[in-house]
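> for reference, the sequence and a predicted model appear below.
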Amino acid sequence: MYKRRDFIKTTIAGSSVLLLSRNVFGSLKQSIKGTNDRINVTVVGKPCLWLEAEEFQYLGGWVIDQQSFTQMGSAYIMAHGMGVPVADATTVCEIPEKGLWHVWVRTRNWTAVWKRGAPAGRFQVIINGKTMPETLGTNGAAWAWQKAGTIKIKKGGATVALHDLTGFNGRCDAIFMTTDAGLIPTNEPKELDAFRRTMMEQMGTKRVDDPVVYDLAIAGGGMAGTCMALAAIKTGSKVVLIQDRPMLGGCNSSEIRVSLGGGTQIPPYPNIGKVVNLISPVMGSGGTYSADFYEDERKANAFRLCPSDRYRLCLNERVFAVETDPNDPKRITAIIAKNARTGIETRYLAKNFADCTGDAFIARLMGAETMYGREERSRFKETLAPEKADQLVMGMSVIWRSKKLKEPTAFPDIDWGLEFTEDKVYYIRGGDWEWETGQYRNMAEEAEYIRDYGMMAIYANWSFLKNHSKRKDEWANDVLEWVSPVGGKRESYRVVGDVIITQNDIEKNVIYPDATATSTWNLDNHFPDPENVAKFDEPFRACAYHRCYEKPFPVPYRSLYARDVKNLFLGGRIISVSRAAFSATRVMRTLGSLGEVVGMAASVCAKENAEPRDVYTIHFDKLKNLMEQGVRFQTYHPGGTGTYEGYHFKEMGHLPVDDAERAKRNISPEQEAEFQRRVKSLGVIHKSMEKDIQ
Ligand SMILES: Cc1cc2nc3c(=O)[nH]c(=O)nc-3n(C[C@H](O)[C@H](O)[C@H](O)COP(=O)(O)OP(=O)(O)OC[C@H]3O[C@@H](n4cnc5c(N)ncnc54)[C@H](O)[C@@H]3O)c2cc1C
């Protein structure tokens, strides 16, 4: 493992500049090879700094986005102000040397893709109170370095701020500062990754190893991953749950705001679903509510009911890599995650793993067989499947709400993004499940575009409504109250297990021998709404087709692990189902209940030193036993049955009346005397005295 001492030694040997604080680097000693000739320089002795925007000390009104970590190389921050500039993100760094510093910012003009109007998300960098000349976020559609300018800075502490100008989602990945005028940071993804890594290592942020070998390591803390973790812990496993957002819940968190659907505690295992019920928000019919309705803390608090030595809960950490057994490439040995706020990368070892990322991220890294889009009708003989396979998926929703104020409110008259007219505008005050984008795109690879398209359509429609529509007076007092910065994903990759559930299984109620929790939601299939498709080149609204089936369908265990990765469980929307069957199994109480099943199966694996498939072939009776019992959580303060009798003095604690029992508490003679004095003065008749007063 990395030792800070070693770093200091090498840095002194290599250059005259020492690491002075977090975010400050010594000289960059490597040769950074790039496509641009000017990058092919060996920079020795020139100080440079690297500031990861998501690690700024204060984020102000900027929010962290990790959804596109793999695609753009990092988490980044975004000025999510719904048209009102947000508070500055600020940090402090140490300037190692007085001089003229060249300041580069990795950013993009996110609305450039629609080739219309001014860049939406503009911002500036302010160093020690001085605003850098260049307006940033104006550099084209792709993530790239844009020069903020040059500035003379003294040696010592300096403040750096990102100052939003528009409130329309300007975004910043990192700031690179150097006194070398010839050093232009690379935009080539692989080289940039190496460059970033070198810089991070130079500043002392390196990979650490969690010393525990977990029974189960789970990536993704939506309802599926959270219920799985809790069930595994409570049935005896050691668990690590790694979630890339600051809270648990995924689509049911206050960031995305989808209500839970489906049933729990249904035969054949009416005790499955207790964990789902424990962490479910009290509220949650259709529609979107304020943040508190989603009870993010409730999901995290459930872990406090578990023994603390049996789990590690890692929030803000994104799994980005897997390691495999060199002798068995189909077996995972570790997953590696990066914390967005600290930059620390941690390697987690485990016997079994679970992919609950919603995008089958781990499964795909492992080369597991996956399905995406709609299978052709003949593949599973499903009437709901199209004749020919295609890549159509149910889209991502950026849910939004508005509210009415007493006074008129303005909204910027924007010229970017989609152009709305009276024929196209939607006279609405919020967007829920139907505000849906990306149906023809790749949900995992194009998440940033898909979310941006949903968000841009909200702003462009709202701007037209408020500034130009015929009925603008009716909207005069309306203001955008909340627009999700994340975007909720409905569908992405599914992973092939030993059994693939189909529409026929569900509609004919096929009962498999390894039946587990039940699916109760209807076959609920979304399509781009034809009305919207007719008006726009790319849809942003959906409609749904619902078809109920006769009886709840128990999902077989064999659809809950990957067929071709030996120790990978599946959780959430990636389980092994056909696209048509997915339209029913995809809801969160069902996926949470199935998460419970996997949690129990992981505990069977831990006890029997087994792999997921073995639970079906050898140990299914043990899983069955656990499913019959369900996961039990204790009730706090259940009451006072039993034989105990005693006093509770706050500073002395609970002390029994029985002298022999009290003596076992090892209290001092002084405390015993004090106890006797207080008890005597209270004059309570103890059980042992009752016979004397009858
Ligand atoms: C708008 C909308 C409406 C819907 N309506 C309903 C409804 O009414 N009722 C219902 O029950 N369902 C509904 N659904 C479906 C349901 O929300 C999803 O199917 C469900 O959230 C899937 O659960 P999950 O745990 O698999 O994924 P998610 O809820 O997406 O959770 C996965 C979590 O993993 C995290 N993650 C991803 N990659 C990584 C990584 N590499 N490392 C660490 N963490 C990672 C993500 O940030 C996320 O928080 C709706 C979905 C949407 C989008």
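Arrived safely, thanks for sending.

> how about the residues of this protein that lie near the ligand?
Neighbours of the ligand within the chain, by CB under 6 Å from any ligand atom: 219-225, 242-245, 250-251, 258-262, 318-319, 356-359, 361, 397, 433, 488-490, 572-573, 586-588, 591. Any C-beta I mention is one placed from the backbone N, CA and C, and that applies to glycine too.

> what do you get if the cut-off is 5 Å, keeping everything else the same?
By the criterion of CB under 5 Å from any ligand atom, the positions of the chain lying close to the ligand are 219-220, 222-224, 244-245, 250-251, 258, 260-261, 318-319, 357-358, 361, 397, 433, 488, 490, 572-573, 586-588, 591.

> now intersect these with the helices, please.
Among those, the subset assigned to helices under DSSP state H consists of Met223, Ala224, Phe361, Met588, Leu591.

> reformat those as JSON lines; add pLDDT and neighbour count.
Below are these laid out as JSON lines (pLDDT from 0 to 100; neighbours: other CB atoms under 10 Å):
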{"residue": "Met223", "pLDDT": "98", "neighbour count": "33"}
{"residue": "Ala224", "pLDDT": "98", "neighbour count": "32"}
{"residue": "Phe361", "pLDDT": "98", "neighbour count": "24"}
{"residue": "Met588", "pLDDT": "98", "neighbour count": "27"}
{"residue": "Leu591", "pLDDT": "98", "neighbour count": "32"}
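
> which of these sit farthest apart?
Phe361 and Met588 (19.0 Å; CB to CB).

> and which of the ones in helices among the residues of the chain next to the ligand is nearest Lys155?
Here the nearest of those to Lys155, counting by CB to CB, is Phe361; it sits at 43.5 Å.

> for the closest one, give me its contacts.
With contacts defined as CB atoms under 8 Å, 6 or more residues apart in numbering, the neighbours of Phe361 are Thr70, Ala219, Gly220, Val319, Asp355, Ala444.

> which of those residues has the largest number of neighbours?
For the contacts of Phe361, counting by other CB atoms under 10 Å, the largest number of neighbours falls to Asp355: 35 neighbours.

> which residues pair with the residue in the stretch 401-550 of the chain that the ligand sits nearest to across the strands?
Going by CB to the nearest ligand atom, the ligand is nearest to Gly488 of the stretch 401-550 of the chain, at 3.1 Å. Assessed by DSSP bridges, Gly488 has beta-bridge partners Ser397.

> what residues does the helix or strand where Ser402 lies touch?
Using DSSP states H and E, Ser402 falls within strand 400-404. By CB under 8 Å, 6+ apart, the list of residues contacting strand 400-404 from outside reads 288, 429-431, 435, 458, 462, 477-484.

> now do 7 Å
For strand 400-404, the external contacting residues (CB atoms under 7 Å, 6 or more residues apart in numbering) are 288, 429-431, 435, 458, 477-484.

> what of stretch 662-680?
Identification of contacts with stretch 662-680 by CB under 7 Å, 6+ apart yields Tyr647, Phe649, Met652, Leu655, Pro656.

> again, 8 Å this time
Gly646, Tyr647, Phe649, Met652, Gly653, Leu655, Pro656, Val657.

> buried sites along that stretch?
Neighbour-count burial for stretch 662-680, with 16 or more other CB atoms under 10 Å as criterion, is recorded at Arg662, Ile667, Gln671, Glu672, Phe675, Val679.

> that stretch: how far from the chain's middle?
Chain-centre distance of stretch 662-680: 52 Å, with CA atoms, centre = their mean, to the nearest Å.

> same check on stretch 110-123?
Taking the mean C-alpha point of stretch 110-123 and that of its whole chain, the gap between them comes to 27 Å (CA atoms, centre = their mean).

> number of nearby residues for His686?
Other residues within reach of His686 by the criterion other CB under 10 Å amount to 11.

> and it, what is it in contact with?
His686 sits in contact with Glu645, Val657, where contact means CB under 8 Å, 6+ apart.

> low-confidence ranges, the stretch 401-550 of the chain, go.
When residues are selected by pLDDT under 70, none of them lie in the stretch 401-550 of the chain.

> domains in the protein, as residue ranges please.
For the chain, the structural domains run 4-205, 209-388+490-629, 396-489, 646-693, going by automatic domain parsing.

> mean neighbour count, these: which tops it?
Relative to the other members of those, domain 209-388+490-629 carries the highest mean neighbour count by mean count of other CB atoms under 10 Å, namely a mean of 21.

> on that earlier part again, for the buried residues of stretch 662-680, which one is nearest Val631?
If you rank the buried residues of stretch 662-680 by distance to Val631 using CB to CB, Arg662 comes first, at 37.1 Å.

> hey, where'd the helices end up in the stretch 501-650 of the chain?
Remark: helices of the stretch 501-650 of the chain, listed N- to C-terminal, are 503-507, 530-535, 579-585, 588-608, 612-617, 620-629; assignment by DSSP state H, counting those that start in this stretch.

> nearest approach to Leu59 belongs to which of these?
The closest of the helices of the stretch 501-650 of the chain to Leu59 is helix 588-608. By CB to CB, the value is 28.6 Å.

> report all helices and strands that that closest one contacts.
Helix 588-608 makes packing contacts with strand 207-219, helix 223-234, helix 274-279, strand 345-355, strand 515-519, strand 568-570, helix 612-617, helix 620-629 when contacts are defined by 3 or more CB pairs under 8 Å, 6 or more residues apart in numbering; DSSP states H and E.

> pop out the phi and psi values for the nearest residue to Leu59 once chain neighbours are set aside.
Leaving aside its chain neighbours, Leu59 sits nearest to Ala89 (5.0 Å; criterion: CB to CB, 6 or more residues apart in numbering). Here is the backbone geometry of Ala89 (degrees, to the nearest 10): phi -90, psi 130.

> Ile126 now?
With angles defined as degrees, to the nearest 10, Ile126 shows backbone torsions of phi -120, psi 120.

> circling back: let me have the helices and strands packed on helix 588-608 in TSV, extended by distance to Arg451.
Formatted as TSV, the helices and strands packed on helix 588-608 follow (distance: least, CB to CB, whole Å):
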stretch	distance to Arg451
strand 207-219	20
helix 223-234	20
helix 274-279	26
strand 345-355	22
strand 515-519	28
strand 568-570	25
helix 612-617	33
helix 620-629	37
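
> find the nearest non-adjacent residue to His509, please.
Not quite, residue 509 is Asn, not His. Of all residues beyond its chain neighbours, the one nearest Asn509 is Lys551 (4.8 Å), with distances taken as CB to CB, 6+ apart.

> residue of the stretch 451-600 of the chain with the smallest distance to the ligand?
Taking CB to the nearest ligand atom, the stretch 451-600 of the chain has Gly572 as its residue nearest the ligand, at 2.0 Å.

> how much space between Ile153 and the ligand?
Applying CB to the nearest ligand atom, to the nearest Å, the value for Ile153 to the ligand is 37 Å.

> Met132 is in contact with that residue, correct?
No - counting by CB atoms under 8 Å, Met132 is not a contact partner of Ile153; they are 11.4 Å apart.

> tell me the phi and psi of Pro248?
That one is not Pro; residue 248 is Leu. Backbone torsions for Leu248, taken as degrees, to the nearest 10, come to phi -90, psi 170.

> my guess is it contacts Arg298, does it?
No - with contact taken as CB under 8 Å, Leu248 and Arg298 are classed as non-touching, separated by 9.1 Å.

> any idea how far Trp416 lies from Ala112?
Between Trp416 and Ala112 the computed distance is 9 Å (CB to CB, to the nearest Å).
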